[in-house]
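Chemist: with the sequence up front, the predicted model follows.
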Amino acid sequence: MTGLFSKPTKESASWALISGDFEGAIKQYRRLIKGDAHDHELFNDLGVALLESGQPAEAVQAFSTANSLDETAIHTNNLGRAHLRMGAHAAAREAFERASALDPDDPQPGYNLTVCLREQGDMEASFNALLAFSERHRDHVAAHGDLALHYQDRQDMDVAVSHCERALALDAGYVPARLNLIRMLCDAGRYPDSLPHLEAMAEQGAEVVVAAKDGQAQISIDGRPFWQGTYATE
């Protein structure tokens, strides 16, 4: 542990960041930067700590400084994340596109761009970007989960379900896809088909309570109502 008068190290600052002590990490990175104001990694990691502690404007400054010292896809993607947290969609989009150009093999900027477009309210552009992204990164779990929701909005439930199933085939512990798949199946009157997925949720530690009788079902997960409705009994 780094005390008040002890000298921080990159390792101690990194441990504070990883363990969720963001304020402690910020203090340590700032002290380290005073000793080396040319280390781009210190500014990037400071930006991450600032972003995680809810200070996106300060994070933008840190990531911008990191890029001025050494422009990388990682710094630029993080800069986009900070802009996005502030609701600065145009700046975020520019950063994600620049990060993708710097490292076309890194999936994160391309995926974050689809999130940016969605949060901006341009659902068609987000959908098209996801389609293009998934062609390049066929095994990106979150992309399949997001595509499922887009197809659900388009009333193409078979394709929506298939993308949830693909996400879970890639990562059985990806809870958003599991929950969305359960809801999609139940909404389609296929409550019995959702049972293996409810069991999987319980196996992963969720508190799942189900009451089903005579074509009526109620589901709660972790003490909160999740779904209720009718289903086919044949």
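Modeler: Yes, it's here.
Chemist: tell me the contacts of the spatially most central residue of the chain?
Modeler: In the chain, the C-alpha nearest the mean C-alpha coordinate belongs to A142, at 7.3 Å (CA atoms, centre = their mean). By CB atoms under 8 Å, 6 or more residues apart in numbering, the residues touching A142 are 111, 167, 174, 176. Heads up, the C-betas are built off the backbone N, CA and C, glycines and all.
Chemist: downstream of the strand or helix carrying it, the next helix or strand is which one?
Modeler: Applying DSSP states H and E as the criterion places A142 in helix 141-153. Sequence-wise, the next helix or strand downstream of helix 141-153 (DSSP H and E) is helix 157-170.
Chemist: hey, C-alpha coordinates of the very next helix or strand once past that following helix in CSV?
Modeler: Following helix 157-170 in sequence order, the next helix or strand is helix 175-187 (DSSP H and E). Output in CSV follows, covering the C-alpha atoms of helix 175-187 (Å, rounded to 0.1, in the frame of the first residue of the first chain):
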residue,chain,number,x,y,z
VAL,A,175,-25.7,-11.9,-19.2
PRO,A,176,-27.2,-9.2,-21.5
ALA,A,177,-27.7,-11.6,-24.3
ARG,A,178,-29.1,-14.3,-22.0
LEU,A,179,-31.6,-11.8,-20.5
ASN,A,180,-32.6,-10.5,-23.9
LEU,A,181,-33.0,-14.0,-25.3
ILE,A,182,-35.3,-15.0,-22.4
ARG,A,183,-37.5,-12.0,-22.9
MET,A,184,-37.6,-12.5,-26.7
LEU,A,185,-38.7,-16.1,-26.3
CYS,A,186,-41.3,-15.3,-23.7
ASP,A,187,-42.7,-12.4,-25.8
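Chemist: which other helices and strands contact helix 175-187?
Modeler: Packing contacts for helix 175-187, counted by 3 or more CB pairs under 8 Å, 6 or more residues apart in numbering; DSSP states H and E, involve helix 141-153, helix 157-170, helix 191-203, strand 216-221, strand 224-230.
Chemist: buried deepest among the ones you listed, which one?
Modeler: Of those, the one with the most neighbours on average (mean count of other CB atoms under 10 Å) is helix 141-153, at a mean of 21.
Chemist: what's the spacing between that one and its chain's center?
Modeler: From the chain centre to the centre of helix 141-153 is a distance of 13 Å (CA atoms, centre = their mean, to the nearest Å).
Chemist: tell me the mean pLDDT over it?
Modeler: Averaging pLDDT along helix 141-153 gives 98.
Chemist: with stretch 193-209 instead?
Modeler: Confidence over stretch 193-209 (mean pLDDT, whole number) is 97.
Chemist: give me the angle between the helix holding A142 and helix 157-170.
Modeler: Calculated by axes from the mean of the first three to the mean of the last three CA atoms, to 10 degrees, helix 141-153 forms an angle of 170 degrees with helix 157-170.
Chemist: so what's the closest residue to P176 other than its chain neighbours up against?
Modeler: Nearest in space to P176, with sequence neighbours left out and distances taken as CB to CB, 6 or more residues apart in numbering, is G145 at 5.3 Å. Contact analysis of G145 by CB under 8 Å, 6+ apart lists 163-164, 167, 174, 176-177, 180.
Chemist: and G145, how far is that from D139?
Modeler: Distance check for G145 against D139: by CB to CB, to the nearest Å, it reads 13 Å.
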